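Undergrad: Structure, please.
(4 chains)
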There are 2 protein chains.
Amino acid sequence: MRIGELASQAGVSVRSLRYYEEQGLLSSTRSPSGQRRYTEKEIERVRFIQRLYTAGLSSRTIAELLPCVDSPSELNDDEALQRLAQERERINRHIEELCGAREALDLLMDANRAHREQLAFGSLT
Amino acid sequence: MRIGELASQAGVSVRSLRYYEEQGLLSSTRSPSGQRRYTEKEIERVRFIQRLYTAGLSSRTIAELLPCVDSPSELNDDEALQRLAQERERINRHIEELCGAREALDLLMDANRAHREQLAFGSLT
DNA sequence: CTAAGACCTGACATTGACGTCAGAGGCAAG
DNA sequence: CTTGCCTCTGACGTCAATGTCAGGTCTTAG
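TA: All right, here's what the predicted structure looks like:
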């Protein structure tokens, strides 16, 4: 498949796909005229990459993890495996922070609603 | 207190504090010579702002929420209250995404470790 | 064949929360 | 008074993923 179709299948822009390739996250074969060709399985790969991006990983970090995806058979990926655990922890901490922020917003909403209630009662007297 | 002390108490840079003021998130009184002066309670405010930043809110969004913090007494903050709920939902979705990414990494780690086991068994024969 | 619509490379633009630097003034201790 | 540290404003730099544009090639339907 060509780049436009992969883009729409995976839900990203054509520009992004070229960028992923530039960053070493995605590879393509080229048609005789130089156009990129992809197979079906790249769709999942792109979605996976996107998932990591939205989880806050950088291109470089993703590149360091990819050996675990591409060749789980190699044992060279010791470093990659460590990196994997490390990023998992980072995500964990981020989740904690988000839960904290959510709770702070909840408290704020409660306080505001309580005030609203108070005013409502006040108007009854 | 002066800006440097607030910065160290709240754990942010002086630059950030000036930026927050520029964005309308923080206010200060000025000494006759024009230096910013803060009270103790700004420390908590700055920490709260930081928490929202790390939760992915933008300056503009934070500014829209602040009426709920500053004057929960007003009923004008209807819009702010909606915004609050909206951001809470955004954070919720983000948490979901992060959990998904974490799970994906877990699967990947499992697969890699399984392979390692397999190699270990192989070496026993 | 031809026009429309992908595709190519290369390069500059964008956004947001800061970092950093320059040049000037403020303030307390010796 | 001076030395050293803090503060001021204003402006430019940064980083990373992506948008966008230009100028050219490829492909395919009619």
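Undergrad: and stretch A:40-49, anywhere near chain B?
TA: Yes: Stretch A:40-49 lies within reach of chain B by Cβ under 8 Å from any Cβ of the partner chain, at residue A:48. To be clear about C-beta, it is placed using only N, CA and C from the backbone, and glycine gets the same treatment.
Undergrad: Tell me the residues of chain A that contact DNA strand C?
TA: Proximity of chain A to DNA strand C (Cβ under 7 Å from any atom of the strand) is limited to residues A:2-5, A:7, A:14, A:18, A:34-36.
Undergrad: part of a helix, is residue A:91?
TA: Yes: under DSSP: H, G, I helix; E, B strand; the rest coil, residue A:91 sits within a helix.
Undergrad: Once you drop chain neighbours, what's closest to it?
TA: residue B:102 (5.0 Å; Cβ to Cβ, 6 or more residues apart in numbering or on different chains).
Undergrad: Repeat that for residue A:45.
TA: residue A:26 (6.6 Å).
Undergrad: same question, residue A:39
TA: residue A:1 (7.4 Å).
Undergrad: How many residues are close by the closest residue to residue A:77 other than its chain neighbours?
TA: Of all residues not flanking residue A:77 in the chain, residue A:67 sits nearest, at 4.2 Å (Cβ to Cβ, 6+ apart). Neighbour count of residue A:67, defined by other Cβ atoms under 10 Å in any protein chain shown: 19.
Undergrad: State the pLDDT value of whichever residue of chain A sits closest to DNA strand C.
TA: Nearest residue of chain A to DNA strand C: residue A:4, at 2.2 Å (Cβ to the nearest atom of the strand). pLDDT recorded at residue A:4 is 97.
Undergrad: Could you report the neighbour count for residue A:20?
TA: 23.
Undergrad: Just give the number of residues close to the residue nearest to residue A:39.
TA: 15.
Undergrad: Report whether the expected contact of it with residue A:35 is present.
TA: No: assessed by Cβ atoms under 8 Å, residue A:1 is found out of contact with residue A:35, at 10.9 Å.
Undergrad: Return the backbone torsion pair for residue A:71.
TA: phi -140, psi 70 (degrees, to the nearest 10).
Undergrad: Next: residue A:37.
TA: phi -120, psi 140.
Undergrad: now it: how far from residue A:13?
TA: 18 Å (Cβ to Cβ, to the nearest Å).
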